[in-house]
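> Got a predicted model here, sequence first, then my questions.
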Amino acid sequence: MVQEVTGVIARSKGAPVESVTVRVPAPGPGEAVVRIQACGVCHTDLHYREGAISDDFPFLLGHEAAGVVESVGQGVSEVSPGDFVVLNWRAVCGQCRACRRGEPWYCFDTGNAHQPMTLADGTPLSPALGIGAFVEKTLVAAGQCTKVDPAVKPEVAGLLGCGVMAGLGAALNTAAVRRGETVAVIGCGGVGDAAILGASFAGARTVVAVDVDDRKLQAARQLGATHAVNSTQVDPVDAIRELTDGFGADVVIEAVGRPDTYLQAFYARDLAGRLVLVGVPTPEMTLQVPLIDVFARGGSLKSSWYGDCLPARDFPMLVDLHLQGRLPLEKFVSEVIGLGDVEDGFARMRAGEVLRSVVVL
Ligand SMILES: NC(=O)c1ccc[n+]([C@@H]2O[C@H](COP(=O)([O-])OP(=O)(O)OC[C@H]3O[C@@H](n4cnc5c(N)ncnc54)[C@H](O)[C@@H]3O)[C@@H](O)[C@H]2O)c1
Ligand SMILES: [Zn+2]
Ligand SMILES: [Zn+2]
(Lines give C-alpha, C1' and ligand atoms only; values in the text may rest on other atoms or scores of the structure.)
(Ligands and ions follow the chains in the order given, each with its own letter.)
Protein backbone atom coordinates (compact mmCIF):
# COMPACT_ATOMS: atom_id res chain seq x y z
CA MET A 1 0.00 0.00 0.00
CA VAL A 2 1.32 3.45 -0.91
CA GLN A 3 1.47 5.81 2.10
CA GLU A 4 1.22 9.61 1.97
CA VAL A 5 3.53 11.43 4.39
CA THR A 6 5.04 14.90 4.82
CA GLY A 7 8.59 15.55 3.60
CA VAL A 8 10.95 18.41 2.74
CA ILE A 9 12.08 18.88 -0.85
CA ALA A 10 14.26 21.20 -2.92
CA ARG A 11 12.13 21.79 -6.02
CA SER A 12 14.61 23.85 -8.04
CA LYS A 13 18.11 25.29 -7.83
CA GLY A 14 18.51 27.79 -4.98
CA ALA A 15 14.78 27.94 -4.14
CA PRO A 16 13.82 27.69 -0.45
CA VAL A 17 12.89 24.18 0.65
CA GLU A 18 9.20 23.20 0.77
CA SER A 19 7.15 20.82 2.91
CA VAL A 20 5.04 18.64 0.61
CA THR A 21 3.14 15.37 0.48
CA VAL A 22 5.42 12.46 -0.42
CA ARG A 23 4.09 9.12 -1.64
CA VAL A 24 6.05 6.17 -0.23
CA PRO A 25 5.48 2.78 -1.89
CA ALA A 26 5.24 -0.45 0.09
CA PRO A 27 8.69 -2.08 0.25
CA GLY A 28 9.53 -4.36 -2.64
CA PRO A 29 12.10 -7.17 -2.64
CA GLY A 30 15.22 -6.08 -0.73
CA GLU A 31 13.63 -2.83 0.47
CA ALA A 32 12.48 -1.42 3.82
CA VAL A 33 10.24 1.44 4.95
CA VAL A 34 11.68 3.29 7.95
CA ARG A 35 9.76 5.67 10.25
CA ILE A 36 12.23 8.53 10.73
CA GLN A 37 12.79 9.77 14.29
CA ALA A 38 15.67 12.21 13.72
CA CYS A 39 17.69 13.63 10.82
CA GLY A 40 20.63 16.07 10.95
CA VAL A 41 21.05 19.04 8.60
CA CYS A 42 24.32 18.43 6.70
CA HIS A 43 26.21 20.77 4.39
CA THR A 44 25.64 18.24 1.61
CA ASP A 45 21.84 18.90 1.76
CA LEU A 46 22.58 22.54 1.08
CA HIS A 47 24.90 21.51 -1.80
CA TYR A 48 21.96 19.55 -3.31
CA ARG A 49 19.63 22.52 -2.93
CA GLU A 50 22.21 24.80 -4.62
CA GLY A 51 22.46 22.41 -7.59
CA ALA A 52 26.13 21.70 -6.80
CA ILE A 53 25.71 17.91 -6.85
CA SER A 54 23.38 17.22 -9.77
CA ASP A 55 20.43 18.65 -11.66
CA ASP A 56 18.04 15.83 -10.74
CA PHE A 57 15.48 18.10 -9.03
CA PRO A 58 13.24 17.71 -7.09
CA PHE A 59 15.39 16.32 -4.29
CA LEU A 60 14.00 14.75 -1.13
CA LEU A 61 16.56 16.19 1.29
CA GLY A 62 18.02 14.76 4.51
CA HIS A 63 20.35 11.80 4.96
CA GLU A 64 21.79 11.75 8.52
CA ALA A 65 18.98 9.79 10.08
CA ALA A 66 17.85 7.22 12.59
CA GLY A 67 14.46 5.58 12.98
CA VAL A 68 12.47 2.39 13.34
CA VAL A 69 11.89 -0.16 10.58
CA GLU A 70 8.16 -0.24 9.82
CA SER A 71 7.97 -2.92 7.13
CA VAL A 72 10.29 -4.94 4.93
CA GLY A 73 9.93 -6.45 1.47
CA GLN A 74 10.46 -9.98 0.23
CA GLY A 75 13.76 -11.66 0.97
CA VAL A 76 14.90 -9.14 3.60
CA SER A 77 16.65 -10.92 6.46
CA GLU A 78 19.08 -8.31 7.84
CA VAL A 79 16.38 -6.19 9.59
CA SER A 80 12.81 -6.71 10.84
CA PRO A 81 9.92 -4.39 11.70
CA GLY A 82 10.58 -2.70 15.06
CA ASP A 83 14.39 -2.61 14.71
CA PHE A 84 16.05 0.70 15.61
CA VAL A 85 18.43 1.60 12.78
CA VAL A 86 20.81 4.27 11.54
CA LEU A 87 20.52 4.82 7.79
CA ASN A 88 23.71 4.59 5.73
CA TRP A 89 24.69 5.44 2.16
CA ARG A 90 27.02 2.47 1.85
CA ALA A 91 24.93 -0.68 1.44
CA VAL A 92 27.80 -2.81 0.14
CA CYS A 93 27.18 -5.14 -2.80
CA GLY A 94 29.62 -7.94 -1.93
CA GLN A 95 30.29 -8.51 -5.65
CA CYS A 96 32.25 -5.56 -7.06
CA ARG A 97 36.05 -5.56 -7.40
CA ALA A 98 36.51 -3.62 -4.13
CA CYS A 99 34.24 -5.98 -2.19
CA ARG A 100 35.84 -9.05 -3.74
CA ARG A 101 39.34 -7.96 -2.80
CA GLY A 102 38.26 -7.51 0.83
CA GLU A 103 37.91 -3.71 0.90
CA PRO A 104 34.10 -3.29 1.07
CA TRP A 105 34.42 0.23 2.52
CA TYR A 106 35.35 1.25 -1.05
CA CYS A 107 32.34 -0.63 -2.56
CA PHE A 108 31.80 0.76 -6.08
CA ASP A 109 28.22 -0.51 -6.46
CA THR A 110 26.32 0.44 -3.30
CA GLY A 111 22.57 -0.17 -3.25
CA ASN A 112 19.48 2.05 -2.86
CA ALA A 113 15.75 1.35 -3.09
CA HIS A 114 14.61 0.41 -6.60
CA GLN A 115 11.15 2.00 -6.48
CA PRO A 116 10.91 5.79 -6.47
CA MET A 117 9.16 7.88 -3.85
CA THR A 118 7.09 10.54 -5.63
CA LEU A 119 5.20 13.80 -5.22
CA ALA A 120 1.39 13.54 -5.07
CA ASP A 121 1.25 14.10 -8.87
CA GLY A 122 3.60 11.16 -9.49
CA THR A 123 6.79 13.17 -10.13
CA PRO A 124 9.68 10.96 -8.96
CA LEU A 125 11.91 12.36 -6.21
CA SER A 126 15.71 12.07 -6.06
CA PRO A 127 16.54 11.16 -2.46
CA ALA A 128 19.69 12.89 -1.12
CA LEU A 129 22.54 10.34 -1.06
CA GLY A 130 19.98 7.64 -1.91
CA ILE A 131 18.24 8.15 1.46
CA GLY A 132 15.91 11.21 1.67
CA ALA A 133 15.08 11.47 5.37
CA PHE A 134 13.53 14.89 6.08
CA VAL A 135 10.28 12.95 5.85
CA GLU A 136 8.04 11.00 8.21
CA LYS A 137 8.77 7.69 6.46
CA THR A 138 11.31 6.80 3.80
CA LEU A 139 11.96 3.87 1.47
CA VAL A 140 15.52 2.51 1.36
CA ALA A 141 17.41 -0.66 0.47
CA ALA A 142 17.41 -2.96 3.50
CA GLY A 143 21.22 -2.88 3.45
CA GLN A 144 21.02 0.87 4.15
CA CYS A 145 19.59 0.08 7.60
CA THR A 146 22.19 -0.62 10.28
CA LYS A 147 20.88 -1.93 13.60
CA VAL A 148 22.31 -0.24 16.70
CA ASP A 149 21.51 -0.34 20.43
CA PRO A 150 18.10 1.41 20.82
CA ALA A 151 19.23 2.93 24.13
CA VAL A 152 20.95 5.75 22.16
CA LYS A 153 19.01 8.94 21.45
CA PRO A 154 17.87 9.07 17.79
CA GLU A 155 19.19 12.63 17.30
CA VAL A 156 22.67 11.44 18.31
CA ALA A 157 22.59 8.12 16.46
CA GLY A 158 21.45 9.68 13.18
CA LEU A 159 24.58 11.82 12.96
CA LEU A 160 26.66 8.67 12.53
CA GLY A 161 24.87 8.24 9.20
CA CYS A 162 27.04 10.90 7.50
CA GLY A 163 29.11 13.85 8.77
CA VAL A 164 30.17 12.59 12.18
CA MET A 165 31.08 9.19 10.73
CA ALA A 166 32.99 10.89 7.91
CA GLY A 167 35.07 12.90 10.39
CA LEU A 168 35.64 10.11 12.90
CA GLY A 169 36.53 7.75 10.07
CA ALA A 170 38.89 10.25 8.43
CA ALA A 171 40.97 10.11 11.62
CA LEU A 172 40.40 6.50 12.72
CA ASN A 173 40.16 4.66 9.38
CA THR A 174 41.73 6.75 6.59
CA ALA A 175 44.56 8.42 8.51
CA ALA A 176 44.69 5.58 11.08
CA VAL A 177 45.98 8.01 13.73
CA ARG A 178 48.24 6.25 16.23
CA ARG A 179 48.82 6.88 19.92
CA GLY A 180 51.26 9.76 20.46
CA GLU A 181 51.00 11.29 16.98
CA THR A 182 50.48 14.95 16.19
CA VAL A 183 47.36 15.86 14.19
CA ALA A 184 45.96 19.10 12.75
CA VAL A 185 42.42 19.51 11.45
CA ILE A 186 41.55 22.38 9.11
CA GLY A 187 37.85 23.34 9.21
CA CYS A 188 35.99 22.69 12.47
CA GLY A 189 32.37 22.12 11.46
CA GLY A 190 30.58 18.88 12.28
CA VAL A 191 32.97 16.88 10.09
CA GLY A 192 36.21 18.52 11.27
CA ASP A 193 35.20 18.35 14.93
CA ALA A 194 34.42 14.66 14.53
CA ALA A 195 37.93 14.23 13.10
CA ILE A 196 39.27 16.04 16.18
CA LEU A 197 37.28 13.72 18.45
CA GLY A 198 38.55 10.70 16.50
CA ALA A 199 42.18 11.84 16.71
CA SER A 200 41.83 12.49 20.42
CA PHE A 201 40.15 9.11 20.95
CA ALA A 202 43.02 7.40 19.09
CA GLY A 203 45.50 8.92 21.54
CA ALA A 204 47.02 11.77 19.50
CA ARG A 205 49.39 13.80 21.68
CA THR A 206 48.72 17.13 19.97
CA VAL A 207 45.48 18.00 18.13
CA VAL A 208 45.54 21.42 16.47
CA ALA A 209 42.18 22.87 15.40
CA VAL A 210 42.24 25.46 12.57
CA ASP A 211 39.23 27.56 11.57
CA VAL A 212 38.34 31.11 10.55
CA ASP A 213 35.68 31.43 13.27
CA ASP A 214 36.49 31.65 17.00
CA ARG A 215 33.14 30.12 17.96
CA LYS A 216 34.06 26.99 16.00
CA LEU A 217 37.47 26.88 17.66
CA GLN A 218 35.83 26.99 21.06
CA ALA A 219 33.64 23.99 20.18
CA ALA A 220 36.70 22.18 18.80
CA ARG A 221 38.40 22.48 22.19
CA GLN A 222 35.36 20.82 23.79
CA LEU A 223 35.86 17.85 21.47
CA GLY A 224 39.54 17.30 22.19
CA ALA A 225 41.62 19.96 20.40
CA THR A 226 44.71 20.75 22.45
CA HIS A 227 45.43 23.96 20.51
CA ALA A 228 43.33 26.34 18.40
CA VAL A 229 44.50 28.47 15.48
CA ASN A 230 42.42 31.20 13.83
CA SER A 231 43.77 31.25 10.27
CA THR A 232 42.48 34.79 9.64
CA GLN A 233 44.96 36.01 12.25
CA VAL A 234 48.06 33.85 11.78
CA ASP A 235 49.51 31.71 9.01
CA PRO A 236 48.14 28.26 9.86
CA VAL A 237 51.15 26.44 8.34
CA ASP A 238 53.59 28.37 10.55
CA ALA A 239 51.33 27.93 13.57
CA ILE A 240 51.03 24.14 13.09
CA ARG A 241 54.81 23.84 12.64
CA GLU A 242 55.44 25.87 15.81
CA LEU A 243 53.11 23.60 17.76
CA THR A 244 54.90 20.46 16.50
CA ASP A 245 58.54 21.26 17.34
CA GLY A 246 59.01 23.06 14.03
CA PHE A 247 58.38 19.93 11.92
CA GLY A 248 54.69 19.90 10.97
CA ALA A 249 52.03 17.38 12.01
CA ASP A 250 52.15 13.64 11.39
CA VAL A 251 48.59 13.86 10.06
CA VAL A 252 46.66 16.84 8.65
CA ILE A 253 42.96 16.44 7.91
CA GLU A 254 41.32 18.93 5.53
CA ALA A 255 37.60 19.26 6.34
CA VAL A 256 36.66 22.32 4.26
CA GLY A 257 37.07 21.19 0.64
CA ARG A 258 38.98 24.09 -0.93
CA PRO A 259 42.31 24.34 -2.79
CA ASP A 260 43.76 26.96 -0.41
CA THR A 261 43.05 24.91 2.70
CA TYR A 262 44.27 21.76 0.91
CA LEU A 263 47.61 23.47 0.25
CA GLN A 264 47.79 24.56 3.89
CA ALA A 265 47.28 20.92 4.88
CA PHE A 266 49.87 19.79 2.33
CA TYR A 267 52.60 22.08 3.71
CA ALA A 268 51.64 21.74 7.39
CA ARG A 269 52.61 18.04 7.31
CA ASP A 270 55.90 16.74 8.61
CA LEU A 271 58.08 14.90 6.06
CA ALA A 272 56.45 11.54 5.28
CA GLY A 273 53.24 12.79 6.91
CA ARG A 274 49.70 11.86 5.90
CA LEU A 275 47.17 14.26 4.39
CA VAL A 276 43.50 13.29 4.38
CA LEU A 277 40.95 15.25 2.33
CA VAL A 278 37.46 14.76 3.79
CA GLY A 279 36.03 18.15 2.73
CA VAL A 280 34.27 17.97 -0.65
CA PRO A 281 35.41 20.42 -3.36
CA THR A 282 33.16 21.69 -6.15
CA PRO A 283 33.78 20.51 -9.74
CA GLU A 284 35.42 23.75 -10.94
CA MET A 285 38.13 23.82 -8.25
CA THR A 286 41.70 23.01 -9.33
CA LEU A 287 45.01 22.57 -7.55
CA GLN A 288 48.46 23.71 -8.59
CA VAL A 289 51.43 22.42 -6.65
CA PRO A 290 55.11 21.99 -7.59
CA LEU A 291 55.55 18.28 -8.35
CA ILE A 292 58.96 18.35 -6.67
CA ASP A 293 57.21 19.21 -3.40
CA VAL A 294 54.92 16.20 -3.78
CA PHE A 295 57.99 14.03 -4.22
CA ALA A 296 60.30 15.66 -1.70
CA ARG A 297 57.80 15.80 1.16
CA GLY A 298 56.90 12.12 0.78
CA GLY A 299 54.15 10.53 2.82
CA SER A 300 50.64 9.99 1.56
CA LEU A 301 47.80 12.04 0.12
CA LYS A 302 44.43 10.34 0.64
CA SER A 303 40.74 11.13 0.28
CA SER A 304 38.23 9.88 2.79
CA TRP A 305 34.91 8.82 1.29
CA TYR A 306 32.44 8.62 4.17
CA GLY A 307 35.34 8.09 6.56
CA ASP A 308 36.14 4.80 4.81
CA CYS A 309 33.50 3.37 7.11
CA LEU A 310 31.82 -0.01 7.02
CA PRO A 311 28.43 0.77 8.59
CA ALA A 312 27.80 -2.74 9.96
CA ARG A 313 31.21 -2.72 11.63
CA ASP A 314 31.44 0.91 12.75
CA PHE A 315 27.95 2.20 13.69
CA PRO A 316 27.14 -0.35 16.45
CA MET A 317 30.67 -0.05 17.85
CA LEU A 318 30.55 3.76 17.97
CA VAL A 319 27.07 3.72 19.56
CA ASP A 320 28.36 1.31 22.23
CA LEU A 321 31.37 3.56 22.96
CA HIS A 322 28.99 6.50 23.21
CA LEU A 323 26.64 4.67 25.59
CA GLN A 324 29.63 3.77 27.76
CA GLY A 325 30.36 7.51 28.08
CA ARG A 326 33.61 7.30 26.08
CA LEU A 327 32.53 9.16 22.93
CA PRO A 328 30.54 12.36 23.60
CA LEU A 329 28.57 12.36 20.35
CA GLU A 330 25.81 14.43 21.98
CA LYS A 331 28.10 17.48 21.72
CA PHE A 332 27.44 17.59 17.97
CA VAL A 333 23.73 18.26 18.49
CA SER A 334 23.61 22.06 18.73
CA GLU A 335 19.81 22.29 18.50
CA VAL A 336 16.73 20.19 17.90
CA ILE A 337 14.26 21.57 15.31
CA GLY A 338 11.04 20.55 13.56
CA LEU A 339 10.52 19.29 10.02
CA GLY A 340 9.34 22.77 9.00
CA ASP A 341 12.58 24.42 10.15
CA VAL A 342 15.11 22.99 7.66
CA GLU A 343 15.53 26.34 5.89
CA ASP A 344 16.33 27.98 9.25
CA GLY A 345 18.81 25.16 9.86
CA PHE A 346 20.57 26.03 6.58
CA ALA A 347 20.75 29.69 7.61
CA ARG A 348 22.23 28.84 11.00
CA MET A 349 24.75 26.49 9.40
CA ARG A 350 25.80 29.22 6.96
CA ALA A 351 26.10 31.74 9.80
CA GLY A 352 28.41 29.33 11.63
CA GLU A 353 26.08 29.16 14.63
CA VAL A 354 25.74 25.38 14.85
CA LEU A 355 27.64 22.12 14.47
CA ARG A 356 24.42 20.30 13.68
CA SER A 357 20.75 21.27 13.77
CA VAL A 358 18.82 18.02 14.05
CA VAL A 359 15.22 17.59 12.92
CA VAL A 360 13.29 15.45 15.41
CA LEU A 361 9.95 14.00 14.28
N1 LIG B 1 34.01 12.94 2.69
C2 LIG B 1 32.75 12.72 3.05
O3 LIG B 1 32.28 11.59 2.94
C4 LIG B 1 31.94 13.83 3.60
C5 LIG B 1 30.75 13.58 4.31
C6 LIG B 1 30.00 14.67 4.81
C7 LIG B 1 30.43 15.97 4.57
N8 LIG B 1 31.58 16.18 3.87
C9 LIG B 1 32.11 17.52 3.56
O10 LIG B 1 32.91 17.99 4.64
C11 LIG B 1 32.97 19.41 4.59
C12 LIG B 1 32.60 19.99 5.96
O13 LIG B 1 31.26 19.66 6.27
P14 LIG B 1 30.56 20.22 7.59
O15 LIG B 1 29.23 19.61 7.68
O16 LIG B 1 31.51 20.11 8.74
O17 LIG B 1 30.42 21.77 7.17
P18 LIG B 1 30.34 23.07 8.08
O19 LIG B 1 29.83 24.14 7.20
O20 LIG B 1 29.60 22.74 9.34
O21 LIG B 1 31.85 23.36 8.50
C22 LIG B 1 32.83 23.92 7.69
C23 LIG B 1 33.84 24.62 8.61
O24 LIG B 1 34.93 25.10 7.83
C25 LIG B 1 35.27 26.40 8.29
N26 LIG B 1 35.97 27.11 7.22
C27 LIG B 1 35.45 27.72 6.12
N28 LIG B 1 36.44 28.26 5.37
C29 LIG B 1 37.61 27.98 6.02
C30 LIG B 1 38.98 28.30 5.75
N31 LIG B 1 39.33 28.98 4.66
N32 LIG B 1 39.89 27.88 6.65
C33 LIG B 1 39.54 27.17 7.76
N34 LIG B 1 38.27 26.85 8.05
C35 LIG B 1 37.32 27.26 7.19
C36 LIG B 1 33.94 27.03 8.69
O37 LIG B 1 34.13 28.11 9.59
C38 LIG B 1 33.25 25.82 9.34
O39 LIG B 1 33.54 25.74 10.72
C40 LIG B 1 31.99 19.83 3.48
O41 LIG B 1 32.75 20.03 2.30
C42 LIG B 1 31.10 18.62 3.33
O43 LIG B 1 30.49 18.53 2.05
C44 LIG B 1 32.33 15.14 3.40
ZN1 LIG C 1 30.82 -3.76 -3.71
ZN1 LIG D 1 25.99 14.48 5.06
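Right, received. Where do you want to start? Remember, it's a predicted structure, so these values are computed and weren't measured experimentally. Ligands and ions are numbered 1, 2, ... in the order given.

> separation between the residue of the stretch 101-250 of the chain found nearest ligand 2 and ligand 3?
Nearest residue of the stretch 101-250 of the chain to ligand 2, counting by C-beta to the ion: Cys107, 3.3 Å away. All C-beta spots, glycine's among them, are computed from the backbone N, C-alpha and C. From Cys107 across to ligand 3, the span is 18 Å (C-beta to the ion, to the nearest Å).

> quick one: the helices in the stretch 1-150 of the chain?
43-49, 97-100 (DSSP state H, counting those that start in this stretch).

> I'd like to know which of those is closest to Asp260.
Nearest to Asp260 among the helices of the stretch 1-150 of the chain is helix 43-49; the distance by C-beta to C-beta comes to 17.7 Å.

> ok, back up a step: of the helices of the stretch 1-150 of the chain, which stretch is the most buried?
Sort the helices of the stretch 1-150 of the chain by mean neighbour count, taking mean count of other C-beta atoms under 10 Å, and helix 43-49 sits at the top with a mean of 22.

> Look up phi and psi at the closest residue to Gly180 other than its chain neighbours.
Setting aside the residues directly before and after it, Gly180 is nearest to Arg205 in space (C-beta to C-beta, 6 or more residues apart in numbering), at 5.1 Å. The phi and psi values for Arg205, taken as degrees, to the nearest 10, are phi -80, psi -40.

> got a list of what Arg205 touches?
Contact analysis of Arg205 by C-beta atoms under 8 Å, 6 or more residues apart in numbering lists 180-182, 226.

> With ligand 1 as the reference, measure out to it.
Counting by C-beta to the nearest ligand atom, to the nearest Å, the separation of Arg205 from ligand 1 is 22 Å.

> related to what we said a few turns ago, narrow the contacts of Arg205 to those that are buried.
181-182, 226 (16 or more other C-beta atoms under 10 Å).

> Just put those in TSV and tack on distance to Leu243 and pLDDT.
Putting the buried ones among the contacts of Arg205 into TSV (distance: C-beta to C-beta, whole Å; pLDDT from 0 to 100) gives the following:
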residue	distance to Leu243	pLDDT
Glu181	13	98
Thr182	8	98
Thr226	8	98
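
> and stretch 336-354, anywhere near ligand 3?
No. For stretch 336-354, no contact with ligand 3 is found by C-beta under 5 Å from the ion; the gap never falls below 11.4 Å.

> What is the end-to-end distance of that stretch?
End-to-end distance for stretch 336-354, by C-alpha to C-alpha, to the nearest Å: 11 Å.

> picking that back up, the residue of the stretch 101-250 of the chain closest to ligand 2 touches Trp89, doesn't it?
No. Using C-beta atoms under 8 Å, Cys107 is not in contact with Trp89, being 10.7 Å away.

> about what we covered before: to Glu254, which of the helices of the stretch 1-150 of the chain lies closest?
Glu254 lies closest to helix 43-49 among those, at 14.3 Å (C-beta to C-beta).

> so what does the closest one touch, helix or strand wise?
helix 342-350 (3 or more C-beta pairs under 8 Å, 6 or more residues apart in numbering; DSSP states H and E).

> one more time with 10 Å
The helices and strands touching helix 43-49, judged by 3 or more C-beta pairs under 10 Å, 6 or more residues apart in numbering; DSSP states H and E, are strand 3-10, strand 59-60, helix 163-169, helix 190-201, helix 342-350.

> Dump the ones you listed to JSON lines, plus mean neighbour count, mean pLDDT and distance to Thr44.
Compiled in JSON lines, the helices and strands packed on helix 43-49 are given as follows (neighbours: other C-beta atoms under 10 Å; pLDDT from 0 to 100; distance: least, C-beta to C-beta, whole Å):
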{"stretch": "strand 3-10", "mean neighbour count": "21", "mean pLDDT": "98", "distance to Thr44": "12"}
{"stretch": "strand 59-60", "mean neighbour count": "26", "mean pLDDT": "98", "distance to Thr44": "11"}
{"stretch": "helix 163-169", "mean neighbour count": "29", "mean pLDDT": "97", "distance to Thr44": "8"}
{"stretch": "helix 190-201", "mean neighbour count": "29", "mean pLDDT": "97", "distance to Thr44": "10"}
{"stretch": "helix 342-350", "mean neighbour count": "18", "mean pLDDT": "96", "distance to Thr44": "11"}
